[in-house]
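> this is the structure alone, sequence omitted:
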């Protein structure tokens, strides 16, 4: 039995280490999401295991130990270490959340209400997910010279506001390495956002390698045009749009939001994205987690040359920043993200600071890719708070309340 305790303790410790070390493949990355965003549950399991180890140690002591005491000591120490690491994301999340209202107020130059951002009660209690809102699917590019493209529209729950004002719309651009996934990615967040009173349009776009850049920009612009033309039908304000993307979706959203001047685009939200494609190429390796060389070959035709320099430039939000024109931006990134290095967001934030563009960069020390997967976890709570407050600021004076 004591060996079982040791194996369980070491397994828990190995899982816990994923909150401080980067994932070396996609399988480990998925475990790291669990460790970071559900680790508080594993920490409670560790507490139960520690108590069981203590009880077993008493029994062993009563039997004279028989040389197995060191096994129990190792199991106890491993369990304590695992608990410390597994509870760390919740503690660090609370610390980031404590500073976040002031950080957002300073970065956006607007009042952001203070209050508790990360709630341990929400993390520990089995809270239900957000209530599902009405959703409709629409074709915004019809089959012809290219394949038909659709968007899922999540209808805002608050509808028309006082004075006849209609709510803004968040255009959600999915990730997937430019070659996979679809508009249904992490749909729970879209339901939550629509429940806050915003329209949400989760859009499709053509995928590489069949369709390299700038096909994705063209598709996003087509979606924007369609949303504007059908704003009244959708019950939204087509003049108040925010582009939001995850991973490579953040690259697409930011390149469109920065590169195509449009007063209707009030803000850009980028979660764990890439923003300077020449920098991406410079650090790409065939043996990294995603084989970035292959992805870049598919998306931009390899490294930058005279032939594809225009594509590199138009795909790189960092080079498209213009003082007084670039919309306010919210960036969020995990420090130990190995799928997209945190340096990408740090470099864009530095460029926005240099250009005096209102922006907020939120770094999550324990987090990896898709830290917003669990809306009740530390990463999910920080994301929902930051996005909600950002939208309130950039979409003013929409809010009648």
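Happy to help now that I have it. Keep in mind it's a predicted model, so treat the numbers as computed, not measured. Numbers count the residues shown, from 1 in each chain.

> residue 52 contacts residue 2, doesn't it?
No - the pair residue 52 / residue 2 is not scored as a contact, 10.7 Å apart, by CB atoms under 8 Å. (Each C-beta comes from the backbone N, C-alpha and C, glycine too.)

> compare those two and say which is more crowded by neighbours.
Using other CB atoms under 10 Å as the criterion, residue 52 and residue 2 rank with residue 2 on top: 19 against 15.

> the more buried one and residue 80, how far apart?
Residue 2 sits at a distance of 17 Å from residue 80 (criterion: CB to CB, to the nearest Å).

> and what of residue 87?
To residue 80, residue 87 is 11 Å away according to CB to CB.

> so for these two, which sits in the more crowded spot?
residue 87 (19 against 16).

> chain neighbours aside, what residue packs nearest to that one?
In this structure, residue 87 finds its nearest non-sequential neighbour in residue 43, 4.4 Å apart by CB to CB, 6 or more residues apart in numbering.

> thought that neighbour was touching residue 80?
No - with contacts defined as CB under 8 Å, residue 43 does not count as touching residue 80, sitting 10.8 Å away.

> where does residue 140 sit: helix, strand or coil?
Classification of residue 140 by DSSP: H, G, I helix; E, B strand; the rest coil places it in strand.

> I'd say it and residue 203 touch.
Yes - judged on CB under 8 Å, residue 140 makes contact with residue 203 at a distance of 7.3 Å.

> mutual contacts of those two, please.
Common neighbours of residue 140 and residue 203, using CB atoms under 8 Å, 6 or more residues apart in numbering, are 149, 151, 223.

> just give me the residue closest to the centre of the protein.
With the centre of the chain defined as its mean C-alpha position, the nearest residue by CA atoms, centre = their mean is residue 271, 4.0 Å away.

> tell me the domain ranges of the chain?
As assigned by automatic domain parsing, the chain contains the domains 2-106, 113-394.

> about what we covered before: now the buried members of the shared contacts of residue 140 and residue 203.
When neighbours are counted using 16 or more other CB atoms under 10 Å, the shared contacts of residue 140 and residue 203 contain these buried positions: 149, 151, 223.

> mind checking which of those land in helices?
residue 223 (DSSP state H).

> would you reformat the buried ones among the shared contacts of residue 140 and residue 203 as CSV and include pLDDT and distance to residue 211?
Below are these laid out as CSV (pLDDT from 0 to 100; distance: CB to CB, whole Å):
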residue, pLDDT, distance to residue 211
149, 96, 11
151, 98, 17
223, 98, 15
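
> redo the buried ones among the shared contacts of residue 140 and residue 203 as TSV? Include distance to residue 102.
Output for these, formatted as TSV (distance: CB to CB, whole Å):
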residue	distance to residue 102
149	41
151	36
223	35
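
> ok, residue 255 - contacts?
217, 314-317, 320.

> closest one to residue 328 out of those, please.
Nearest to residue 328, judged by CB to CB, of the contacts of residue 255 is residue 317 at 13.4 Å.

> how about the nearest residue to the closest one, chain neighbours excluded?
Closest residue to residue 317 apart from its sequence neighbours, by CB to CB, 6+ apart: residue 254 at 3.6 Å.

> the one you found and residue 37: what is the separation?
According to CB to CB, residue 254 stands 25 Å off from residue 37.

> which helices and strands does the lowest-mean-pLDDT helix or strand in the chain pack with?
In the chain, no helix or strand scores lower on mean pLDDT, DSSP states H and E than helix 39-62, which sits at a mean of 85. For helix 39-62, the packing partners by 3 or more CB pairs under 8 Å, 6 or more residues apart in numbering; DSSP states H and E come out as helix 2-16, helix 69-108, helix 120-124.

> any idea which of these gets closest to residue 334?
Closest of these to residue 334 is helix 69-108, at 10.2 Å (criterion: CB to CB).

> buried stuff in that closest one?
Across helix 69-108, burial judged by 16+ other CB under 10 Å covers 71-72, 74-76, 78-83, 85-90, 92-94, 96-97, 100-101, 104-105, 107-108.

> output the below-cut-off pLDDT ranges for the stretch 251-400 of the chain.
Applying pLDDT under 70 to the stretch 251-400 of the chain flags the ranges 397-400.

> now with 90?
Low-confidence segments of the stretch 251-400 of the chain, defined by pLDDT under 90: 396-400.

> likewise the stretch 101-250 of the chain?
113-116, 121-122, 124-129, 142-147, 158-165.

> helices along that one, start to end?
120-124, 187-195, 215-229, 231-234, 248-259 (DSSP state H, counting those that start in this stretch).

> pick the most deeply packed of these.
Burial of those is given as mean neighbour count (mean count of other CB atoms under 10 Å); helix 248-259 ranks first at a mean of 28.

> that one to helix 215-229, inter-axis angle?
Relative orientation of helix 248-259 and helix 215-229, computed by axes from the mean of the first three to the mean of the last three CA atoms, to 10 degrees: 70 degrees.

> residue 140 and residue 203: which has the busier surroundings?
Shown here are residue 140 and residue 203; by other CB under 10 Å, residue 203 has more neighbours (28 against 20).

> contacting residues for that one?
Residues near residue 203 by CB under 8 Å, 6+ apart: 140, 149, 151, 171-173, 183, 219-220, 223.

> also residue 388?
So, once contact is read as CB under 8 Å, 6+ apart, residue 388 ends up touching residue 196.

> what about it, helix or strand, and which?
In this structure, residue 388 sits in helix 378-394 according to DSSP states H and E.

> please apply the same query to residue 347.
Residue 347 belongs to helix 343-354, assigned by DSSP H and E.

> ok, residues contacting the following helix or strand past that helix?
Of the helices and strands lying after helix 343-354 in sequence (DSSP H and E), the nearest is strand 359-364. Strand 359-364 is contacted by residues 92-93, 96, 100, 103-104, 107-108, 328-335, 342, 345-346, 349, 352-353, 371, 378-379, 382, 386, 390 when judged by CB under 8 Å, 6+ apart.

> that concludes my questions; thank you for your assistance.
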